[in-house]
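Trainee: one predicted model, sequence on top.
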Amino acid sequence: MSSGTGTGVAADAPVPDTAAGRPRTVLAPNELGVSTAEDLPAACGLIDRDLALSLVPSTAIPVEQLGDSTGDEPLLYRTCVIGFPTDRRGAVGLQISVPNDFGRDVVSNREQVMEPALASSIGQNGRSSMNLAIMPTGGARGATVYFQHGGYSVMVAVVGPAASLGAAEDLAQIALDRLGD
């Protein structure tokens, strides 16, 4: 099966794409029927709010955002942030995405900055970092867990005083469970 990139690579094999001047992975388009960011599961619905609020200020309000586009190319992702990533009190963030028709998966591409990373047993291709939190708003000191499940790429991060790999893994496992089979 060809990925449509003319490389003869299997459809599920990542293909490096450096057209934008930086490496990114190009995957086969999603087979979930997701054609807009609104079709993705609600990112804030994948976060256990009680657990998140135990890690960040109790006044934090979940803020969800939908992916946008680059030119005519929709970017199929959703994000949720609970807390204040730039505030010393901390934040929890979750990002979920699928490859678009051009094979670009926003979360899968962001996962590449986690190097070096530890293997994680959460989901498929699970990886974690206890030094870098990849929030929807950018990177910071904290912890991140990345995994794939059912065609989705998911990244969960925690920054602030309560940031730990254990907290990020607990939130990621809950998100995995909420995605179901």
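Mentor: It's in.
Trainee: buried ones in stretch 51-71?
Mentor: Neighbour-count burial for stretch 51-71, with 16 or more other C-beta atoms under 10 Å as criterion, is recorded at 52-53, 55-56, 60, 62, 64-67. Every residue, glycine included, has its C-beta placed from N, CA and C.
Trainee: other residues contacting it?
Mentor: Counting by C-beta atoms under 8 Å, 6 or more residues apart in numbering, stretch 51-71 makes contact with 37-38, 42-44, 47, 49, 74-84, 87, 89-92, 97, 106, 136, 158, 160, 162-163, 167, 170-171, 174, all of which sit outside it.
Trainee: mark which of those are buried, thanks.
Mentor: Among these, those buried by neighbour count (16+ other C-beta under 10 Å) are 37, 43-44, 47, 74-84, 89-92, 97, 106, 136, 158, 160, 162-163, 167, 170-171, 174.
Trainee: longest helix in the chain, please.
Mentor: Counting residues, the longest helix in the chain under DSSP state H turns out to be helix 165-179.
Trainee: any idea how far that helix is from the chain center?
Mentor: On the basis of C-alpha atoms, centre = their mean, to the nearest Å, the separation between the geometric centre of helix 165-179 and that of its chain is 12 Å.
Trainee: other residues contacting that helix?
Mentor: The set of residues that contact helix 165-179 without belonging to it, under C-beta under 8 Å, 6+ apart, is 41, 45-48, 51-52, 55, 92, 94, 120, 122-123, 126, 128, 130, 133, 142-145, 147, 149-150, 152, 154, 156-158.
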